[in-house]
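[1] Any chance you could fold what I've pasted below:
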Amino acid sequence: MRFTPGMLVLLFSATVLLAAFPIYVHAQSAAVSRLYISPQAGCCVYNTATFFVSIMVNLTEGEVINVFDVRLNYTGFYSPATGTGFLQAKTIDYSGNLFGTSGDVLAECIDAVGYGQGSCSGGDRAGGQVHMSEGGSNVYGLKTALLFRIQFEVYGTGSSVFSFDLTGLVNPGVNPLNPQLFNPHDIQVVASDGIFANTGLAAFFNYEPSTPPALLPGNSVLFDAGASLNGTSPTPLVNPSYDWNFGDGNKTLNQSSPKIQHVFRLPGSYDVQLNVTEANGSHDSIVRKLVVVPALGGLLLTVLDQRGTPIRGGILVRLFNASLSVALFEQSVDSAGQTTFKDLTPGSYLLKFSGPGYQNASRTESVIAGWTTQDNVNLVATPVPPSDNSGLLIFGGSVLAGVGLATLGLVLKRRRSRSRKSFSGKRLT
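    Numbers count the residues shown, from 1 in each chain. You can find the predicted model right below:
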């Protein structure tokens, strides 16, 4: 679930006000925050029994959040209607999480059905998914904390991969021009997935980019199959070997270490297959899809007025880089008050905003490879100038002067008339 302008207005009622052409930058940290599942690998729970997994956050130093929006997919969903699958999410527990008693639930959903007092969003699917979103008081890094726990019930045997579908962590974004106001934006996140199995060998791997948060061409990716497990009993694998097929024509066979580095040369979607074989002959395989994105970034901007309402059209946005005085791109905001710049080379950009009824403003934004930076821009309405009544005053003065002269002429005429009558009525002696 992406945060809509309405949700952001509800969560962050204060807004950022820009004076004429102020400039500030959202700082980017070298490290990124992480979402992960604990335990990463679980096993040995059977029919009608339950177990918990915890969704954890490791917030990088110097970062701050006051909203999370996380959705977890799990395979092997048990459907009572069809009798297929073996695992079903039953409850969500967020007591004692990072927000404590300050939190307000925004979404709480299991398999597209609202849980507790929560609700679902339009993107929630009907089977094999848990969605939790909450806002609360600011939480500052460096910090490791719980987001929520999920209780699962087991209806048979099999293996299930837990993977993140949404990883939204929102920074309230204090405005340096006015520390009492906010400018919310998503922060960069790397997610680590997990697995549960209760029968035989279960192959599994996680992967992590060397240049987080995205998988980029030409940069190494660390693959780690160390969470592969024996689903029947919590015992170590027996002298396992690992075979990798990276989906780009490259393979690595009979490797004794569960970790390996690989570089994808081109952007694209790759089906990476892992085969794990134990010395006793048991074996299993898993295929996971990876997406390597171009080493470019983007900007998604929402332009708002002083009250936090989107300005629906009429605002021109021009984008400059540091070395050019001519705009690289210019475009107007759409009917939702948004504008998007795609396929930008990573670096710093200056944006200028102008439109009838609003003061000109500007700011700088950092573009990160493989990441779309989201931001809000609040514009100040142009003051209405006082009415110019000088013409009316001149006209009024002229009229009054004309009336005065006419009245004076009439009085003088009457006086001359009376003088003539008086003179003509006298007798000569």
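[2] before we move on, which element is the closest residue to Met132 other than its chain neighbours in?
    In this structure, Met132 finds its nearest non-sequential neighbour in Phe148, 4.8 Å apart by C-beta to C-beta, 6 or more residues apart in numbering. Glycine gets a C-beta too; all of them are placed from N, C-alpha and C. For Phe148, the host element (DSSP states H and E) is strand 143-154.
[3] Each with direction, which strands does that strand pair with?
    Using DSSP bridges, the strands paired with strand 143-154 are strand 50-59 (antiparallel), strand 87-93 (antiparallel).
[4] beta partners of the residue nearest to Met132?
    Beta-bridge partners recorded for Phe148 (DSSP bridges): Ile55.
[5] mind listing what the one residue sitting closest to the centre of the chain touches?
    Closest residue to the average C-alpha location of the chain: Asp186 at 3.8 Å, with C-alpha atoms, centre = their mean. Shown in contact with Asp186 (C-beta atoms under 8 Å, 6 or more residues apart in numbering): Gly168, Leu169, Val170, Asn171, Gln374.
[6] and the angle from the helix or strand hosting the first one to strand 143-154?
    In this case it means Gly168. Gly168 is part of strand 159-171 when elements are defined by DSSP H and E. Angle of strand 159-171 versus strand 143-154, following axes from the mean of the first three to the mean of the last three C-alpha atoms, to 10 degrees, is 150 degrees.
[7] re the thing from before, gap between the residue nearest to Met132 and Ala203?
    Distance, Phe148 to Ala203, using C-beta to C-beta, to the nearest Å: 28 Å.
[8] the more surrounded of the two?
    Under the criterion of other C-beta atoms under 10 Å, the comparison of Phe148 against Ala203 puts Ala203 first, with 25 against 22.
[9] that older thread, any idea which of the contacts of Asp186 is least confident?
    Within those, pLDDT reaches its minimum at Gln374, with 87.
[10] Leaving out sequence neighbours, find the closest residue to Ser160.
    Leaving aside its sequence neighbours, Ser160 sits nearest to Gly76 (C-beta to C-beta, 6+ apart; 4.1 Å).
[11] I'd like the distance between that neighbour and Gly158.
    5 Å.
[12] what do you get for Gln88?
    When distance is defined by C-beta to C-beta, Gln88 is 12 Å away from Gly158.
[13] Same check on Tyr349?
    For Tyr349 relative to Gly158 (C-beta to C-beta), the value is 49 Å.
[14] pLDDT score for Leu350?
    Note on Leu350: pLDDT of 94.
[15] Sorry, wrong one. I was asking about Ser257.
    Looking at Ser257, its pLDDT stands at 97.
[16] do the same with the one 4 residues further on
    With respect to pLDDT, Gln261 has a value of 97.
[17] That one should be in a strand, yeah?
    Yes - according to DSSP: H, G, I helix; E, B strand; the rest coil, Gln261 belongs to a strand.
[18] these two touch, right, it and Pro209?
    No - in terms of C-beta atoms under 8 Å, Gln261 does not count as a neighbour of Pro209; the distance is 11.2 Å.
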